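J.: Generate a structure from the sequence data that follows.
(one chain, ligands or ions: 2)
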Amino acid sequence: MAVYTQVTELEVSNCLKNYEIGELVTLKGIAQGVENSNFLLVTTIGKYILTLYEKRIKAEELPWYLDLMGHLVQQGISCPLPVLDKQGVALTVLAERPAAIVTFLDGKEAPEITDNHCFLLGKAIADLHHAGESFAQYRKNNVGPDSWQELLTKSTGYDQDEMVHEIQPVLQEILKQWPTEKDNLPVGQIHADIFPDNVFFKAPYHLSGFIDFYFACTDFLAYDLAIALNAWCFTDDGQCLTGRVNALMKGYEAVRPLTDQEKRFFPILNMGAAVRFLLTRLHDWIHTPADALVTPKNPNPYLYRLRYHQQTFVASSDDR
Ligand SMILES: Nc1ncnc2c1ncn2[C@@H]1O[C@H](COP(=O)(O)OP(=O)(O)OP(=O)(O)O)[C@@H](O)[C@H]1O
Ligand SMILES: N[C@@H](CCO)C(=O)O
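T.: Ligands and ions are numbered 1, 2, ... in the order given. All right, here's what the predicted structure looks like:
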């Protein structure tokens, strides 16, 4: 569950005096999510989400995420809009944590993913990328390739060393082949965590928007697509669902066709996306204390994805 920090109704009522969104009616902790403490906040004028940011995100980083969300909404993207207080500021402090109120997004995670969901998702990711073009502020990817070796090293010497030894040479190869600036891949604002629980649908094929922008950063646009492909188009035992892959790519390219360079590097971006989530999951699997409030996610599904990409990568290299 993800309510690490409790906040009282009195504290929230007092805080709301500084906003123009009515008075508190109800406040309820939200169980989903693992990073922050989230509350459903109902006021006399509507529904909102109150987030208290926990330790992963530094307070000084928050304006970037909140400004990005505000910008995307202005550009017509459906995502939570940070609510500004009477002084025009989105960020506040509650229970000694940085906090923000954002608008409530209707919809739910797709209950059963189909090719059609993936097609709609592809289009929506490309729209998101276009909308980010006019947001000029740069933000480094904190879990980009330059962090991967350190994550693996920190996971070494525990009970997962067999996995560590399998990953090490593959990681080396990915880092060697990772695109650089001179490869000219389009760069822009990416969500970087496009998992099914961060994309909402309504009735049943209307994509109602994206949530959880707290891994967003400035990086290769095609890497975002690779993250989504990994998260949406595999079974947990590592089978690639090609119908979903084709639909996702078709949806994306209907809005923003990939450049030749993006196509060339896409296999390595896919491997990178798999290894990024494998490494963060492996790290959390090893280092999350047994009495923590959250259950760490199993790294295995991402090891299987990595194996799949590796095999298809080797096969396609053999064809050349
Ligand atoms: N703007 C929103 N509108 C509607 N529901 C929301 C909104 N933001 C968050 N939620 C709800 O809160 C839950 C947790 O949110 P979120 O995914 O942002 O949390 P998190 O702690 O950052 O977790 P994680 O990074 O693990 O996904 C979501 O699954 C969703 O049910
Ligand atoms: N989506 C990530 C968790 C961080 O939001 C994962 O499934 O590993």
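J.: Can you tell me how far the residue of the stretch 101-250 of the chain found nearest ligand 2 is from residue 113?
T.: For the stretch 101-250 of the chain and ligand 2, the shortest gap (Cβ to the nearest ligand atom) falls at residue 195, measuring 4.2 Å. For the C-beta atoms, the positions are set from N, CA and C on the backbone; glycine is no exception. Noted for residue 195: a distance of 11 Å to residue 113, by Cβ to Cβ, to the nearest Å.
J.: Could you tell me which residues touch both of those two?
T.: Shared contacts of residue 195 and residue 113 (Cβ atoms under 8 Å, 6 or more residues apart in numbering): residue 232.
J.: The two - which one has more neighbours?
T.: Shown here are residue 195 and residue 113; by other Cβ atoms under 10 Å, residue 113 has more neighbours (18 against 15).
J.: so that one, which of the three states?
T.: coil (DSSP: H, G, I helix; E, B strand; the rest coil).
J.: how about the residue of the stretch 1-150 of the chain found nearest ligand 1, secondary structure?
T.: Nearest residue of the stretch 1-150 of the chain to ligand 1: residue 33, at 2.5 Å (Cβ to the nearest ligand atom). Of the three states, residue 33 takes coil under three-state DSSP.
J.: ok, so what distance separates it from ligand 2?
T.: Taking Cβ to the nearest ligand atom, to the nearest Å as the measure, residue 33 falls 8 Å from ligand 2.
J.: For the nearest residue to residue 16 once chain neighbours are set aside, grab phi and psi.
T.: Excluding its sequence neighbours, the residue lying closest to residue 16 (Cβ to Cβ, 6 or more residues apart in numbering) is residue 24, at 5.7 Å. Torsion angles at residue 24 (phi, psi; degrees, to the nearest 10) stand at phi -70, psi 130.
J.: from memory residue 24 sits against residue 9, does it?
T.: Yes - Residue 24 is within contact range of residue 9, at 6.2 Å (criterion: Cβ atoms under 8 Å).
J.: So those two - more neighbours on which side?
T.: Taking other Cβ under 10 Å, residue 24 and residue 9 do not tie; residue 24 has more neighbours (17 against 11).
J.: Tell me what that one is bridged to.
T.: For residue 24, the beta-bridge partners are residue 43 (DSSP bridges).
J.: Tell me which residues touch it, please.
T.: Taking Cβ under 8 Å, 6+ apart, one finds 9, 12, 13, 16, 41, 42, 43 in contact with residue 24.
J.: and if you look at residue 109?
T.: Going by Cβ under 8 Å, 6+ apart, residue 109 touches 196, 197, 199, 200, 201.
J.: Could you check how far residue 96 is from ligand 2?
T.: 24 Å.
J.: let me redo that: residue 24
T.: Distance, residue 24 to ligand 2, by Cβ to the nearest ligand atom: 29 Å.
J.: The longest helix along the chain close to ligand 2?
T.: Counting by DSSP state H, the longest helix found in the chain is helix 260-287. Yes - contact of helix 260-287 with ligand 2 (Cβ under 6 Å from any ligand atom) involves 277, 280, 281.
J.: Quick check: PyMOL command selecting the buried ones in those residues.
T.: Listed next is the PyMOL selection for buried residues among the residues of helix 260-287 next to ligand 2, using 16 or more other Cβ atoms under 10 Å:
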select buried, resi 277+280+281
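J.: so which of the residues of helix 260-287 next to ligand 2 are also by ligand 1?
T.: Near ligand 1, by the rule Cβ under 6 Å from any ligand atom, you find none of the residues of helix 260-287 next to ligand 2.
J.: Those residues of this protein touching ligand 1, which are they?
T.: 2, 30, 32-36, 38, 49, 80, 102, 104-105, 197-198, 211-212, 214.
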